[in-house]
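Novice: just need the structure, nothing else, for what follows:
(one chain, ligands or ions: 3)
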Amino acid sequence: MMMTAADTHVSPIRTVEQILAARLDGEALSDKDVEVLLGATGQHDLELLFSAARTVRARAFGDVVFLYGFVYFSTYCKNACAFCYYRATDGASPRYRKSIGEVVEAAGRLRDSGVDLIDLTMGEDPRYLDDPDALPALVRAVADETRLAIMVSPGVVGPGMLRRLRATGADWYALYQESYDPALYSRLRLGQPADRRIRAKRQARRAGLLVEEGLMTGFGEPLSSFARSVSALRGVDAQQVRVMTFVPQAGTPLAGIAPADSLLERKAIAVMRLLFPGKLIPASLDVDGLAGLKGRLDAGANVVTSIIPPQTGLAGVAQAEADIDNGARTVAGVADTLELCGLVPATPAQYRAWIEGARPAAPAAPAARAGTAGTAAGPEARPRLAVCEAGA
Ligand code: SAM
Ligand code: MD0
Ligand code: SF4
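Specialist: Ligands and ions are numbered 1, 2, ... in the order given. Okay, here's the model as predicted:
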């Protein structure tokens, strides 16, 4: 027997305009809405999408944006991610391991220039991963020197290391899943079980760290695959969520993929803003450099990442060199763009206040916890920024 729409209770698909109006009125987005918004085309619908995202950002954060300094201190890596310039088997990428003194100096320069956070990033470098003291010592040295918030992006590490990183001054653990479509994930992070990466993020939360999650797009994947990943972010306990467009890298397995423009990334930034009004969402300088910043901020991002001190020999990830030594990826370099977007950089104190509001409450002692489970401010506690209205 033929099934009719009435039999299967299929609800009609709403237009982009209808979905956005409902969202601005406080209605949640369905997975289907997410896919429709990511598929938006035409200037009218796109401008409505980006403008709705800016409205939601302004309700949650006012006109304040956060600035993250980036220090890629070791580009050695034992993994072989298919998309990455620094994969173990690729000979072309610049390999270096900066000394603790060089890292502290670069971090000090970034602090003096006005960033709110230092992101200490490495490849999965065995020299650091096999030594339980090396990375915590680096974090402590940078924390002592800068007194700034710190993010670590060391790849997968165990719960003991996560606790030590927290104890020595790290606030954030960044670990990106890239895709929640199992077929695409397995083409990207070769030989790295997806569930181990997911577990590391949970362990980081238990260690008292904030978590950044990230997706990639631009592999020619179907929209349904990417939409599935964006919707899956709802199930991830992350306080910062990002998306980056794949930049094909010479000499790597995916070098032949045609580069995508930034439109889908910008739509995803807007959709993530609508899904998670109060989360931090980066506009990375690492994909399209300074030229790509305005479009990403206009899509609802509220963090500028990949600010790199020039002339230090420090590299980017997706763009190893672009816009670094010419000073475009600096606080001074992004100032005009922020002004054009009507945004102002937060002070480190404002950023600290946001972090303190977002941090998980310290676990209660076992005796005190009996009978009061769920009463402590948990991961759902909404971070607040002193200068901003609370997010919807
Ligand atoms: N090695 C650690 C790891 O992989 O978790 C830390 C580095 S991680 C922050 C580097 C991230 O940059 C990847 O997770 C990926 O999202 C992004 N990335 C790397 N290569 C890229 C490329 N060619 N294009 C766009 N994004 C890229
Ligand atoms: C960025 N190049 O922010 C950096 C990197 C790692 N936590 C971040 C991908 O774009
Ligand atoms: Fe190594 Fe990270 Fe690059 Fe993967 S993305 S190859 S883990 S540096």
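Novice: only C-alpha atoms from now on, for both contacts and neighbour counts.
Specialist: Will do.
Novice: which non-adjacent residue is nearest the closest residue to ligand 3 within the stretch 251-392 of the chain?
Specialist: Residue of the stretch 251-392 of the chain nearest ligand 3, by C-alpha to the nearest ligand atom: residue 317 (7.9 Å). Excluding its sequence neighbours, the residue lying closest to residue 317 (C-alpha to C-alpha, 6 or more residues apart in numbering) is residue 286, at 6.8 Å.
Novice: the one you found is in contact with residue 315, isn't it?
Specialist: No - under the criterion of C-alpha atoms under 8 Å, residue 286 makes no contact with residue 315, lying 10.0 Å away.
Novice: helices or strands up against the helix or strand containing residue 102?
Specialist: Secondary structure assigned from DSSP states H and E places residue 102 in helix 100-113. Packing partners of helix 100-113 (3 or more C-alpha pairs under 8 Å, 6 or more residues apart in numbering; DSSP states H and E): strand 64-74, helix 134-146.
Novice: which residues sit against the longest one?
Specialist: Just to be clear, that refers to helix 134-146. Helix 134-146 is contacted by residues 100, 103-104, 107-108, 111, 120, 128-129, 149-150, 164-165, 168-170 when judged by C-alpha atoms under 8 Å, 6 or more residues apart in numbering.
Novice: just the buried ones from these?
Specialist: Neighbour counting with 16 or more other C-alpha atoms under 10 Å marks 100, 103-104, 107-108, 111, 120, 128-129, 149-150, 164-165, 168-170 as buried within the contacts of helix 134-146.
Novice: just name the closest of those residues to residue 194, please.
Specialist: residue 129 (19.2 Å; C-alpha to C-alpha).
Novice: secondary structure class for residue 273?
Specialist: Here residue 273 is recorded as helix under DSSP: H, G, I helix; E, B strand; the rest coil.
Novice: pretty sure it contacts residue 57?
Specialist: Yes - between residue 273 and residue 57 there is a contact under C-alpha under 8 Å: 6.9 Å.
Novice: overlap of the contact sets of those two?
Specialist: 300-301.
Novice: hmm, back to that, now the helix or strand following the helix holding residue 102: average pLDDT?
Specialist: From helix 100-113 onward toward the C-terminus, using DSSP H and E, the following helix or strand is strand 117-122. Averaged over strand 117-122, pLDDT sits at 98.
Novice: hmm, who's touching strand 117-122?
Specialist: For strand 117-122, contacts defined as C-alpha under 8 Å, 6+ apart pick out 67-77, 107, 110, 139, 148-155, 348.
Novice: show me how to select, in ChimeraX, the buried members of the residues you listed.
Specialist: Buried residues among the contacts of strand 117-122 (16+ other C-alpha under 10 Å), as a ChimeraX selection:
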select :67,68,69,70,71,72,73,74,75,76,77,107,110,139,148,149,150,151,152,153,154,155,348
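Novice: out of the contacts of strand 117-122, which touch ligand 1?
Specialist: With C-alpha under 6 Å from any ligand atom as the criterion, the contacts of strand 117-122 include 153-155 near ligand 1.
Novice: so which bits of the stretch 101-250 of the chain are right by ligand 3?
Specialist: Near ligand 3, when you scan the stretch 101-250 of the chain using C-alpha under 6 Å from any ligand atom, you find 123-124, 155.
Novice: mind putting these into TSV with distance to ligand 2?
Specialist: As requested, these are arranged in TSV below (distance: C-alpha to the nearest ligand atom, whole Å):
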residue	distance to ligand 2
123	10
124	13
155	10
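Novice: of all those, which comes closest to residue 331?
Specialist: For these, the minimum distance to residue 331 (C-alpha to C-alpha) is 25.1 Å, reached by residue 123.
Novice: ok, which stretches of this protein are strands?
Specialist: With strands called from DSSP state E, the chain shows them at 64-74, 117-122, 149-153, 172-174, 210-217, 240-245, 282-284, 303-307, 344-345.
Novice: just give me how far the longest helix seen in the chain sits from the chain centre.
Specialist: Ranked by number of residues, the top helix in the chain under DSSP state H is helix 43-61. Offset of helix 43-61 from its chain centre (C-alpha atoms, centre = their mean, to the nearest Å): 19 Å.
Novice: ok, the residue nearest to the spatial centre of the chain to ligand 2 distance?
Specialist: Closest to where the C-alpha atoms of the chain average out (C-alpha atoms, centre = their mean) is residue 242, at 3.5 Å. Residue 242 sits 9 Å away from ligand 2, going by C-alpha to the nearest ligand atom, to the nearest Å.
Novice: just residue 30 next, same as before
Specialist: Separation of residue 30 from ligand 2 (C-alpha to the nearest ligand atom) stands at 29 Å.
Novice: residues near that residue, how many?
Specialist: Using other C-alpha atoms under 10 Å, the number of residues around residue 30 comes to 12.
Novice: residue ranges in the stretch 1-150 of the chain under the pLDDT threshold?
Specialist: Residues of the stretch 1-150 of the chain meeting the criterion pLDDT under 70: 1-11, 90.
Novice: what does it put close to ligand 1?
Specialist: Within reach of ligand 1 by C-alpha under 6 Å from any ligand atom, the stretch 1-150 of the chain has these residues: 83-84, 121-124.
Novice: leaving out chain neighbours, which residue sits closest to the residue in the stretch 151-300 of the chain that ligand 3 sits nearest to?
Specialist: Proximity of the stretch 151-300 of the chain to ligand 3 (C-alpha to the nearest ligand atom) peaks at residue 155, 5.9 Å away. In space, and not counting its chain neighbours, residue 155 is closest to residue 124: 5.7 Å by C-alpha to C-alpha, 6+ apart.
Novice: the one you found is in contact with residue 81, isn't it?
Specialist: No - checked against C-alpha under 8 Å, the pair residue 124 and residue 81 is beyond contact range at 11.0 Å.
Novice: surely residue 63 is in contact with residue 344?
Specialist: Yes - between residue 63 and residue 344 there is a contact under C-alpha under 8 Å: 6.0 Å.
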